[in-house]
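Enquirer: Pasting the sequence and the predicted model now:
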Amino acid sequence: MKKKAAAGTVPFACALLLVLCAAAVGRAPSPAFAEDDYYAEITAEGGNELLGQLHDLITVTHTHYTTYPDCKNPDYVRRTDPGPNGELAEFYTQAELSSVWEKGIRGTWNREHVWCQSLSNGLWGESGGGSDLLHIRPTESSINSTRQNMKYGEVEGGSEAWTKDKQGARVALGGHFGGDTYEPIDSVKGDVARIVLYVYTHYNTFANVYGSTDGQGSRNYFGTLHFTDVVAAKTEESALAILLSWNSLDEVDALEQARNEAAEDIQGNRNPFVDHPEYAEAIWGEGGGGEEDAEVSAFRTAVSEIVTEGSLSQRLSSLNRAIRAYHVLNEEQKTSAASLIARLEEAIEAYNAAVHSYNLAADAADRAALGGAGVVLGGGQAPSGRQE
């Protein structure tokens, strides 16, 4: 039975309701993906549509967010980065190290943010992307200190970066550095590229990557990331050219596959660019992606900025911005933005429920003040009366 809208709620205008209902019918569910058909609901062949579907998949299935202490747990690390003799494989050289945690002293391993914390635009430190087992890698402490917060890229000449033993003797070459740029050895470049692509796809908020949900993670885990944040290049296109080149140069190996299996067992999701390295080219290579209409892009931004917590007036203000951006779209643009419209529908329903709960708790005078107040979806007028 259809309930009457509570006083102060945002009613559905007829035109918008028809579009929202149509969008809801086509909205993809978020089922638990079986291990043998993890990608069963990926239907896009490339471009922004594929990027959005992958974002939704890896965030919805990311059901357990590990902690930073988890990333130094030898039992976990032996599974995510197994060495040939049962210990762990150091990331930049793939040489075996003892899995015993010795607080990151020289000759032992530390926890490496492949996408450095200082380059994450404040999105992570020791939680969210900063403790994701598909991101954090065990790295010998000397080479970890050498890289520091350098961006990845191609180095002409430069200095050698070596892992060391506890006495300070060189053990294995892990790359070259110079001019604030770090270049891994060829056999690790693909690993780096596929981790960067995973982090970008996962931790950009859904609206930035053409998705429809950020899954079960905290809102604070998601934001805006650019490839130029972590790759030494002047443009996104040139940064992607490096990553796509590295992805092709260094093919997926057994170590990456083992990491995917272990990570799925522990936290629920996988790195799709390890299972399907061809996805990278399909999304960002020649013929992938494509420019989005400015109106859809503005609507995408407005939806991503909808406030779901805090005062009712703040929430309503953000909803009105998204609603105004919606009304600018033509019918073709509305079709392409169906997943965003579905998110707007959900946010409106949540706001209505919050106002209804407030009305039930308010005293008679407050309810009288709120009675009959509302908002025209295209107009953005805030309802009168006290709501916070």
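Expert: That came in fine, so what should we check first?
Enquirer: Quick one: the helices in the stretch 101-250 of the chain, in order.
Expert: 141-147, 186-203, 236-249 (DSSP state H, counting those that start in this stretch).
Enquirer: Among those, which comes closest to S304?
Expert: helix 186-203 (13.3 Å; CB to CB). Where you see a C-beta, it was placed from the backbone N, CA and C, and this is true even at glycine.
Enquirer: Need the CA coordinates for the longest helix along the chain. PDB is fine.
Expert: If each helix of the chain is counted by residues according to DSSP state H, the longest one is helix 338-361. Extracted C-alpha coordinates of helix 338-361, given in PDB (Å, rounded to 0.1, in the frame of the first residue of the first chain):
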ATOM      1  CA  ALA A 338      20.200   5.300 -15.100                       C
ATOM      2  CA  SER A 339      22.500   4.000 -12.300                       C
ATOM      3  CA  LEU A 340      23.000   7.600 -11.100                       C
ATOM      4  CA  ILE A 341      19.200   8.200 -11.100                       C
ATOM      5  CA  ALA A 342      18.800   5.100  -9.100                       C
ATOM      6  CA  ARG A 343      21.200   6.400  -6.500                       C
ATOM      7  CA  LEU A 344      19.300   9.700  -6.400                       C
ATOM      8  CA  GLU A 345      16.100   7.800  -5.900                       C
ATOM      9  CA  GLU A 346      17.600   5.900  -3.000                       C
ATOM     10  CA  ALA A 347      18.900   9.200  -1.400                       C
ATOM     11  CA  ILE A 348      15.400  10.800  -1.700                       C
ATOM     12  CA  GLU A 349      13.800   7.700  -0.100                       C
ATOM     13  CA  ALA A 350      16.400   7.800   2.800                       C
ATOM     14  CA  TYR A 351      15.800  11.500   3.300                       C
ATOM     15  CA  ASN A 352      12.000  11.000   3.300                       C
ATOM     16  CA  ALA A 353      12.400   8.300   5.900                       C
ATOM     17  CA  ALA A 354      14.600  10.500   8.100                       C
ATOM     18  CA  VAL A 355      12.100  13.400   8.000                       C
ATOM     19  CA  HIS A 356       9.200  11.000   8.700                       C
ATOM     20  CA  SER A 357      11.100   9.700  11.800                       C
ATOM     21  CA  TYR A 358      11.800  13.300  12.900                       C
ATOM     22  CA  ASN A 359       8.100  14.200  12.500                       C
ATOM     23  CA  LEU A 360       7.100  11.200  14.600                       C
ATOM     24  CA  ALA A 361       9.400  12.400  17.400                       C
END
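Enquirer: And that helix, what's buried?
Expert: By 16 or more other CB atoms under 10 Å, the buried positions in helix 338-361 come out as 338-348, 351-352, 354-356, 358-359.
Enquirer: Could you report the separation of G179 from Y152?
Expert: 12 Å (CB to CB, to the nearest Å).
Enquirer: returning to that earlier point: just the helices of the stretch 101-250 of the chain: most buried one?
Expert: Among the helices of the stretch 101-250 of the chain, helix 186-203 has the highest mean neighbour count (mean count of other CB atoms under 10 Å), at a mean of 24.
Enquirer: Could you count how many residues lie near P84?
Expert: Using other CB atoms under 10 Å, P84 is surrounded by 10 other residues.
Enquirer: Please look at it and E96 and confirm they touch.
Expert: Yes: between P84 and E96 there is a contact under CB atoms under 8 Å: 6.1 Å.
Enquirer: Longest strand in this structure, please.
Expert: Looking across the chain with DSSP state E, the single longest strand is strand 170-178.
Enquirer: could you say what helices and strands that one packs with?
Expert: Secondary-structure packing of strand 170-178 (3 or more CB pairs under 8 Å, 6 or more residues apart in numbering; DSSP states H and E): helix 141-147, strand 159-164, strand 181-184.
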